[in-house]
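1. next one to model:
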Amino acid sequence: MHELAVIDDPAAAGVSLDPVRARLLAELAEPGSASSLAAKVGLPRQKINYHLRTLEHHGLVELVEERRKGNMTERILQATASSYVISPAALGAVAPDPERAPDRLSARWLIAVAARTVREVGDLVRGATTAGKRLATFTIDGEVRFASASDRAAFAEELANAVTALVSKYHDETAPGGRPHRVVVAVHPSARTDDPARADTTREQTT
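-> Have a look, this model is predicted:
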């Protein structure tokens, strides 16, 4: 079972969003059968079997074992991943595209860039998994508390200059066998419901 799987098929995305099937996927983080799931979810085994067949058809669960019980064979299934994320590719033509409005100060552009990251890295992960290779990535996730809006602006400018300098230093357009890598840097207010300044943060996000 993978730690995370990216769903890019529209039909599979719709299947995963069904509340009952989403519950079954969560329960199947550990192997289980229709009978064991029926007791946990509170639905007849026949209905559980129907949902399991649908999930299996779309590659969201897989058979791990078959057990003989008298004249019956009990199928033991497990989710193919412990968690899932739906790729914007599942939305087809209406998926967000950063090229439509390249405004680096726009919150909507940030979301479009993040959506592109999910789509592209999801494709790369599938390819690496099929090839039995590890995908080389690097992520920084941190938090900084600014004393003022002017400090935030100064930070953004300094960060942009530092990243631009690094890209210029290491980018080699003519390197034989070189492989392009995408660099994404984003700064946005932290979303915390217990933050007394949340009202100000919400206003800041919508401007």
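2. can we go C-alpha only for contacts and neighbour counts from here?
-> Noted.
3. what domains does the record give for this protein?
-> Annotated domains of the chain cover 5-84, 95-206 [automatic domain parsing].
4. for those domains, which one ends up most surrounded?
-> The highest mean neighbour count among the domains of the chain, using mean count of other CA atoms under 10 Å, belongs to domain 5-84: a mean of 16.
5. what is the end-to-end distance of it?
-> End-to-end distance of domain 5-84 (CA to CA, to the nearest Å): 5 Å.
6. and it, average pLDDT?
-> In this model, domain 5-84 carries a mean pLDDT of 94.
7. contacts for whichever helix or strand residue 162 is part of next, please.
-> Using DSSP states H and E, the element containing residue 162 is helix 149-170. Contacts with helix 149-170, where a contact means CA atoms under 8 Å, 6 or more residues apart in numbering, come from 146, 187.
8. so that it lines up with my notes, have the first residue be 23 from now on.
-> I'll keep to 23 as the first residue from here, and by that count the last item is helix 171-192.
9. show the average pLDDT along that helix.
-> 96.
10. can I get it in CSV, CA atoms only?
-> Written as CSV, here are the backbone C-alpha positions of helix 171-192 (Å, rounded to 0.1, in the frame of the first residue of the first chain):
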residue,chain,number,x,y,z
ALA,A,171,3.0,44.5,6.1
SER,A,172,6.2,46.3,5.2
ASP,A,173,8.3,43.6,6.7
ARG,A,174,6.3,41.0,4.7
ALA,A,175,6.9,42.9,1.5
ALA,A,176,10.6,43.3,2.3
PHE,A,177,10.8,39.5,3.0
ALA,A,178,9.1,38.7,-0.3
GLU,A,179,11.5,40.9,-2.2
GLU,A,180,14.6,39.5,-0.5
LEU,A,181,13.3,35.9,-1.0
ALA,A,182,12.6,36.6,-4.7
ASN,A,183,16.1,38.0,-5.2
ALA,A,184,17.7,35.1,-3.4
VAL,A,185,15.8,32.5,-5.4
THR,A,186,16.6,34.3,-8.7
ALA,A,187,20.3,34.4,-7.8
LEU,A,188,20.3,30.7,-7.1
VAL,A,189,18.5,29.8,-10.3
SER,A,190,20.9,32.0,-12.3
LYS,A,191,23.8,30.3,-10.6
TYR,A,192,22.8,26.7,-11.3
